[in-house]
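Asks: Based on what follows, work out the 3D shape:
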Amino acid sequence: MRRRRGRFLVLEGLDGAGTTTQAQRLVAWMREHGRKVHLTAEPSGGPVGVMVRQVLTRRIAGVPGARGAAGFDAAALALLFAADRLDHVAVEIAPRLAAGVDVVSDRFTLSSLAYQSLTCGDAPWVEAINGRALAPDATLFLEVSPATAVRRRFAASAGKREIFEVPAFQRKVARSYRNGIARLRALGQRVELVDGELAAEAVTAALAERMVTLF
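Replies: Numbers count the residues shown, from 1 in each chain. Coordinates of the predicted model:
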């Protein structure tokens, strides 16, 4: 008997939209309903993902004056994200899906289409370098205003921000996300919009409703 392939689900949204919290809550809900599920996130815990996190937190900086946040070349960072994504799928995601385990990821390709397309100024190129990334069975996008997102992140991080967590930039990211969503849908991928401004319990309930049509 052929083993059922697991479902690959992605939570997306602005920094502060609640993707990490809701990914954890969604995984708990799925387990309560008898699903075998693995929780992961991007940047991943692999070697390239660790480097990406160090760039985001300014522990690694590039050449002073280079085009990009904190002096790290924007195109180089986009390539690191794409490389981490391929490694993430090969090492952590694909084997579990093949074993019949569902995988929920806190961020995936849509984040690059939003953030790196903006910082590099070349959306087609960013899409191209991510062209071999696995297509999720569904991407669940948590909609919140840029003001809400920044307020939540600032409160959660005790005033410490990553390089992209600036209000003016987040407003641009929100517009870039809309473009990215349109592009994924044009490619035939499923993207669901969920109101992330609701209370955490209500957001989880809305996500759970989407699961009915997936399983």
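Asks: How many residues are close by residue 22?
Replies: 23 (other CB atoms under 10 Å). C-beta here means a position set from N, CA and C on the backbone, and glycine is covered the same way.
Asks: where do the helices sit along the chain?
Replies: Taking DSSP state H as the test, the helices found in the chain are 19-32, 47-56, 74-88, 94-98, 109-120, 123-129, 146-156, 167-186, 200-211.
Asks: and these as a markdown table, adding mean pLDDT?
Replies: Below are the helices of the chain laid out as a markdown table (pLDDT from 0 to 100):
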| stretch | mean pLDDT |
| --- | --- |
| helix 19-32 | 97 |
| helix 47-56 | 94 |
| helix 74-88 | 97 |
| helix 94-98 | 98 |
| helix 109-120 | 96 |
| helix 123-129 | 97 |
| helix 146-156 | 76 |
| helix 167-186 | 92 |
| helix 200-211 | 94 |
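Asks: most neighbours per residue, which of these?
Replies: Mean neighbour count (mean count of other CB atoms under 10 Å) peaks for helix 109-120 among those, with a mean of 24.
Asks: How far off centre is it?
Replies: 10 Å (CA atoms, centre = their mean, to the nearest Å).
Asks: relative to helix 74-88, how tilted is it?
Replies: Interaxial angle, helix 109-120 versus helix 74-88 (axes from the mean of the first three to the mean of the last three CA atoms, to 10 degrees): 170 degrees.
Asks: All set now, cheers.
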